[in-house]
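In: Got a predicted structure plus its sequence, pasted below:
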Amino acid sequence: MADTKGRSLVSKDIFGPLMVELGHQYPNIVVCDTDLMRCFGTKGFMKEFPKRHINFGIAEQNCMAASAGMALCGKNVFSSSFANFATKRACDQVSISVCYNHANVKVCGLYAGLTAEKNGGTHIGVEDVAIMRSFPDMAVVEAADTYELEAITRYMAEYDGPVYFRQPKMYLRNVYDSVPSFELGRSVELKNGRDVTLIACGIATGIALDAADVLKENGIEARVINMPSIKPIDAEAIIKAAAQTGLIVTIENHSTVGGLGSAAAEVLAENGSDAKLIRMGIKDHFGVTASLAYQLKQNGLTKEIIAGEISSCLR
Amino acid sequence: MADTKGRSLVSKDIFGPLMVELGHQYPNIVVCDTDLMRCFGTKGFMKEFPKRHINFGIAEQNCMAASAGMALCGKNVFSSSFANFATKRACDQVSISVCYNHANVKVCGLYAGLTAEKNGGTHIGVEDVAIMRSFPDMAVVEAADTYELEAITRYMAEYDGPVYFRQPKMYLRNVYDSVPSFELGRSVELKNGRDVTLIACGIATGIALDAADVLKENGIEARVINMPSIKPIDAEAIIKAAAQTGLIVTIENHSTVGGLGSAAAEVLAENGSDAKLIRMGIKDHFGVTASLAYQLKQNGLTKEIIAGEISSCLR
Amino acid sequence: MNEKLEFGMLRKKAEELRYNLIAMMDYAGSGHPGGSLSSVEILTAIYYGGFLNADANDPQNPARDRLIMSKGHASPTQYVILADKGYYPKETLKVFDVDNSMLPKHCNRKLTPGIDASTGALGQGMSMAVGMAMAGKMDDASYKTYCLLGDGECQSGEIWEAAMSAAKYKLDNLQVIVDNNGLQIDGRSDDIMPLGDQRAKWEAFGWNVETCNGHSLEEISAALERMGKAADKPSVLIADTIKGKGVSFMENDADWHSRKMTKDEGVQALAEITESYKAYGFENIEASIMFLDEKELAQLTGKESV
Amino acid sequence: MNEKLEFGMLRKKAEELRYNLIAMMDYAGSGHPGGSLSSVEILTAIYYGGFLNADANDPQNPARDRLIMSKGHASPTQYVILADKGYYPKETLKVFDVDNSMLPKHCNRKLTPGIDASTGALGQGMSMAVGMAMAGKMDDASYKTYCLLGDGECQSGEIWEAAMSAAKYKLDNLQVIVDNNGLQIDGRSDDIMPLGDQRAKWEAFGWNVETCNGHSLEEISAALERMGKAADKPSVLIADTIKGKGVSFMENDADWHSRKMTKDEGVQALAEITESYKAYGFENIEASIMFLDEKELAQLTGKESV
Ligand SMILES: Cc1ncc(C[n+]2csc(CCOP(=O)(O)OP(=O)(O)O)c2C)c(N)n1
Ligand SMILES: Cc1ncc(C[n+]2csc(CCOP(=O)(O)OP(=O)(O)O)c2C)c(N)n1
Ligand SMILES: [Mg+2]
Ligand SMILES: [Mg+2]
């Protein structure tokens, strides 16, 4: 479906220059770093807008709470750290200074999930979505590729309120071939199908599309739903899919506890749906020091394993 | 069912003296405070075992990570703060220093959920279970009354590994009339019934029992399951209840996102159960400055509202 | 709007605020008396001594000075001031700490006009204040940001992260005051987690440091004056205070961090403040009551039975 | 087990370790060269200078001294030492940073014998070290706990929470070393978040402070010696170092925090260390290689083509 030619798969390659553009367009945008400017891609922003850029060093707590302070003075603050530190080291600050104060901070979690690769368990955030999803007033979003990353970033430049903006280091493939539209609470059906529905976000959406191709070869028509807005979630799409396809499979670059899979489970169970849900993701263990490919495989997050699981379930 | 006479409903009244007893029995037990000794009830322990008590002051991060360090030297460390600060201020430390290191720390979250009452939103932890449940290697437990609190505490004195031990300031009633047995991963059926199953933990278990009484008057036979071990969860009991009673209602002193309700949703959806789930709890907003009774009512956590909801659902 | 009272009147105001403060907490049967009382003079000096530039009629004015109660449990002191300043009707003080009150136990910016940040999770107010001062610098705005810390609160690492960042960005528009009452919940800070040489700490973190007797309105004002002139550096005032100041049985007693007064204790507390008021040469403090009528006040002072 | 080399041999050891370190990271095409190289002398002094009491044959001995790499990304330096000490076969160094390796990029106590804590989340190792020292005091044990920090890491509030607690509990069994290389990921610490007067900071937090040239084995050893004698206080050594020390093109360049060497860079790095080895008067550093055979080494040194 997608033409990836010339489009970088690396989040910061798209995010960084885009923030410079948006910085010109929106004078209230501020960028905050925590000694990871190189990973956020925000060196360009710092150079263009030195006064509107703060590097807090290795002090994520202060970064997130001070960002809230800036937001309460009218700024739209994009603040980042590795996903793990943005959500866990600064957990209370994001909860209280940002959400409880309803501060206009875009908490950006970098190198999300297994894309932290060999940095290992201390860096591979498997719980960040679970944590952020539990915060009242927090929206949680993750793009499926850098086209959607752009869409979300543009949306965030206008949106006023706390958001957790999860960003993998890089994508495995593109999913779109141009910048799609994005809205909080809205999912996108990428592929129709009647036998099973794959719901995914982030790098997992590409995997889901690939798995659907494998399933097709086996005669199984899979619906693929991209769910960039994990909270608020598009419950309607899930209920519809459950009614129409029965089996639902969530695929995510995150623990199976508390993330997209749990959000889907909540929707299904509350609606008394008899659809079976399979939650594919990191199986309640910490990340290890290994390449993305290795860890995806270890966690059953390859198109082959996913297709296999679905085939045997439908048999 | 329960005889509450003479038995305090306040967590620290039971926990505090018990820790002194256990301190004598288990020389490797250490207690760590964060300027909330008065709330943890551990002044007695400090006096009896001054060398095995550390008060870290208002420094929850250091408390939890240093506790892990002690644990790695053979100690069984009971470390506390208000639930909100134990799990959010020290989030990364509990995740990495405690869980990732598999350190024998019992992270005790005090004044859990709405029992922080008028301390308001900054103190009322609505997300702590969601956060702790998402950590690999973490067990999450909460007692239904001070009898069970005692059972869990005794269990924890022997258990080796990371646990989040959630403690409300006080209970609304007792549920047991003597110290029950406790085991990780095991639920307790407090009342049999065939029309609906109420699954609850913490102070909500007492409310569930009361709601069952109200339902009975309406001719509805409710099963009541106490679920002190939120993780690992007793999936079997949930599946059985779903098959036998259809409707499942989870009741918890916590956000409906990520806690007991979500855990039940995961189990039900993964099993393709067509049982409908109603998640009663704090409805994805922060706590307010108000009494427990007020906030329980606001969140629909009274026996009347619960019974009403169930009755209208079964009608 | 930058109201400035002479020291005589400032003292009078401080005692009247203290009286209302005790009355409000007594009326509610709640609050954090110790840390509220210790900060009365500090907040009086800031609000009435010509420092805080803020307007009750325009509490969201972007050009206003900010005041962040990082020790958010001392909200009562600010509540009586905001009522006196006209941010809300004085009678509002009656709803302090009632269910879902607009005057909750910890400061909440969404509920109370005049409150600039929701606080209560210690440490975070300091960072938010730093962020506000940073935003001021970005906008070349001239507002100042004041921030009140507890001494126990300074045990929190976030304070030192924030301190380091304020020095980096030369936030001379940031004025932090430590209500150095030497007590926290579990006892003396020196016993629970000693703060050691606080001046040395802040200086080592690149701050301009002032110290003073935190109950001397003159000393506080002089220190704030000097802080306002310090360029290229953030300033901190370590104000030595007495927790529970003004009520003999509360002074220097950690128990009074968040204890509720009995009826008799309330009577005595109000009587003691009346005494000191008189000792300062003022008369009839009862007339200063903002939010209770005579009858209601008589109940608290125990005079209804006379 | 408390091996103590003379300074001449200590220097020889340091250079050999550095050689192995570069070879290991080059072989893996990974690692954090900058902060690993800056800590070579510090760890050499601790492990071989008669300080760390630990036994490769009994890595879990409760009486052992602990060493916590709070800057867990400098694991490579410790890995070559542990291999040399016999905690695991030297050939194990070949698996550094391979998928699911027992020698992962950040220290992991569950995977690697001789590693006392899993680190990588900056700040936490310091607290864990404090906890270990506290446990030692509780047990009246005589072991010491060493802890290595980065200078950037000291921006984290947890460091100062931990520092305060160590002073309270008079942890003279705790010895912290700051690898003060002046760089972090985004650039110079002085630009990113200036640490200012580090000595003043630690002293203000109640610590015994030593400073030294962090590449002088004599100075490090002398400082550790003095620290071992300081009673009733924790000690910190601010060791001034050069990030990337020993490899000209890596020195003082933030880019080398975690860059991977090209083939040519690897060749040059090994050649430079060989040169300094000779300049110290030693010969044939290649013979010191722990984990590669001649042919494998020849590939890294670019000599296979000759
Ligand atoms: C992060 C955090 N930890 C714990 C608490 C609970 N708490 C509220 S007040 C207090 C003591 C504060 O002492 P201090 O800062 O000295 O304030 P003061 O003496 O002025 O009341 C504590 C521990 C909290 N509010 N926030
Ligand atoms: C809490 C936390 N935040 C961010 C990081 C990412 N990180 C890894 S190393 C590093 C720079 C460390 O600088 P410094 O402490 O000076 O170490 P050194 O120069 O010795 O490598 C950063 C920001 C981390 N590991 N942990
Ligand atoms: Mg105090
Ligand atoms: Mg450095």
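Out: Received the coordinates, thanks. Ligands and ions are numbered 1, 2, ... in the order given.

In: what residues are up against A:Gly69?
Out: When contacts are counted by CB atoms under 8 Å, 6 or more residues apart in numbering or on different chains, A:Gly69 is found next to A:97, A:103, C:117, C:127-135. Glycine gets a C-beta too; all of them are placed from N, C-alpha and C.

In: which parts of the stretch 51-200 of chain A sit against chain B?
Out: Proximity of the stretch 51-200 of chain A to chain B is assessed by CB under 8 Å from any CB of the partner chain, with A:84-85, A:87-89, A:91-92, A:95-96, A:99-100, A:121-122, A:126-127, A:130-131, A:133-137 identified as the residues in range.

In: Show me the contact partners of stretch A:21-29.
Out: By CB under 8 Å, 6+ apart, the list of residues contacting stretch A:21-29 reads A:19, A:31, A:45, A:48-49, A:52, A:74-78, A:153-154, A:157-158.

In: Restricted to helices, list these.
Out: If you go by DSSP state H, the contacts of stretch A:21-29 have A:19, A:45, A:48, A:153-154, A:157-158 in helices.

In: what's the burial count for the residue of chain C found nearest chain A?
Out: Scanning chain C for the residue nearest chain A gives C:Gly131, at 2.3 Å (criterion: CB to the nearest CB). Applying other CB atoms under 10 Å in any protein chain shown, we find 35 residues neighbouring C:Gly131.

In: Same question for A:Gly185.
Out: When neighbours are counted by other CB under 10 Å, A:Gly185 comes out with 12.

In: With adjacent residues omitted, what lies nearest to it?
Out: On the basis of CB to CB, 6 or more residues apart in numbering or on different chains, the spatially nearest residue to A:Gly185 that is not a chain neighbour turns out to be A:Pro232, at 4.1 Å.

In: Need phi/psi at the one you found.
Out: Here is the backbone geometry of A:Pro232 (degrees, to the nearest 10): phi -70, psi 150.

In: For ChimeraX, what selects the buried ones among the ones in helices among the contacts of stretch A:21-29?
Out: The ChimeraX selection below is limited to those of the ones in helices among the contacts of stretch A:21-29 classed as buried (16 or more other CB atoms under 10 Å in any protein chain shown):
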select /A:19,45,153,154,157
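
In: returning to that earlier point: sort out which of the residues of the stretch 51-200 of chain A next to chain B are in helices and list them.
Out: With helices taken from DSSP H, the overlap with those comprises A:84, A:91-92, A:130-131, A:133.

In: re the thing from before, tell me, which of the residues of the stretch 51-200 of chain A next to chain B make contact with chain D?
Out: Among those, the ones lying near chain D by CB under 8 Å from any CB are A:84-85, A:89, A:121-122.

In: Just the buried residues out of those residues, in ChimeraX syntax.
Out: Buried residues among those (16+ other CB under 10 Å), as a ChimeraX selection:
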select /A:84,85,89,121,122
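
In: Among the ones next to chain D among the residues of the stretch 51-200 of chain A next to chain B, give me the pair with the biggest separation.
Out: By the measure CB to CB, A:Arg89 and A:Gly121 form the most distant pair in these, at 14.7 Å.

In: Where does the stretch 151-300 of chain C get nearest to chain D, residue-wise?
Out: Taking CB to the nearest CB, the stretch 151-300 of chain C has C:Gly157 as its residue nearest chain D, at 2.4 Å.

In: OK, contacts around that residue?
Out: Neighbour list for C:Gly157: A:61, B:59, B:61-62, C:123, D:156-161 [criterion: CB under 8 Å, 6+ apart].
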